[in-house]
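Asker: predicted model follows, preceded by the sequence.
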Amino acid sequence: MQTWQLWLVPVLPLIGCTINGLLGRRFSHSVIKTIALGFPGASMVYAWYVALSAQLPYFENHGVWIRAGNFSAEYGFQLDQLSVLMMLIVTTIGSVIHVYAIGYMEHEGGYYRFFSYLNLFMFFMLTLVLADNYLLMFVGWEGVGLASYLLIGFFFLRDSAAAAGKKAFIVTGLATSRS
């Protein structure tokens, strides 16, 4: 049986997020674009490769996250028919959105920050759809809420954007607490 490194699918956009987030202020727009497109693009290519050649269902366990008495929560990723479909949708559409955003955001301030947030959104969305348990899925859901807040409120100097970002964060949090 083939062993996949499924953790690479969400981690690649996280690497792009980290590089642009920490160092992007020093980079030119062309370097930021390369990082912003390269890591999600690599994630998409690897996701398609895994989807076309993996035998389902596939589970990857990466260790114990929390241990308390007899309770232990492990973290890992899984692939089944639904998670494969969602992984392909998130990586493919996410990469297309990155391409569109390059032109759309070209003349805006905080270019590196925007792409860092966009990569962070992809990381959390992929964590959400590939999680093998509810606890990790919850982390992905809350992370998607955080990344949505950052993206919606990107133009935080505009009152409308700041208010919309707060509203999205509250609504996402309420949806979690009600379920």
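Answerer: Received it, and whenever you're ready, just let me know what you need.
Asker: now the strands for this protein?
Answerer: When secondary structure is read from DSSP state E, the chain shows strands at 58-68, 71-79.
Asker: relative to residue 42, which of these is closest?
Answerer: Closest of the strands of the chain to residue 42 is strand 71-79, at 17.0 Å (criterion: Cβ to Cβ). From N, CA and C alone the C-beta is placed, and that goes for glycine too.
Asker: what ranges in the chain fall below the confidence cut-off?
Answerer: 1-2, 155-158, 161-162, 172-179 (pLDDT under 70).
Asker: for it, which segments count as helices?
Answerer: Counting by DSSP state H, residue ranges of the helices within the chain are 8-23, 29-53, 81-104, 111-130, 134-152, 159-178.
Asker: go through the longest one and flag the buried ones.
Answerer: This points to helix 29-53. By 16 or more other Cβ atoms under 10 Å, the buried positions in helix 29-53 come out as 29, 32-33, 35-37, 39-44, 46-47, 50-51.
Asker: what's the answer for the third one, then?
Answerer: Within helix 81-104, the residues that count as buried by 16+ other Cβ under 10 Å are 83, 84, 87, 88, 90, 91, 94, 95, 98, 101, 102.
Asker: quick one, that helix and helix 111-130 angle?
Answerer: With axes from the mean of the first three to the mean of the last three Cα atoms, to 10 degrees as the criterion, the two stretches helix 81-104 and helix 111-130 enclose an angle of 170 degrees.
Asker: tell me what angle helix 81-104 forms with helix 134-152.
Answerer: Using the same axes, to 10 degrees, one finds that helix 81-104 and helix 134-152 are set 20 degrees apart in direction.
Asker: for the fourth one, same thing?
Answerer: Relative orientation of helix 111-130 versus helix 134-152 (the same axes, to 10 degrees): 150 degrees.
Asker: against which helices or strands is helix 111-130 packed?
Answerer: For helix 111-130, the elements it packs on are helix 8-23, helix 29-53, strand 71-79, helix 81-104, helix 134-152, judged by 3 or more Cβ pairs under 8 Å, 6 or more residues apart in numbering; DSSP states H and E.
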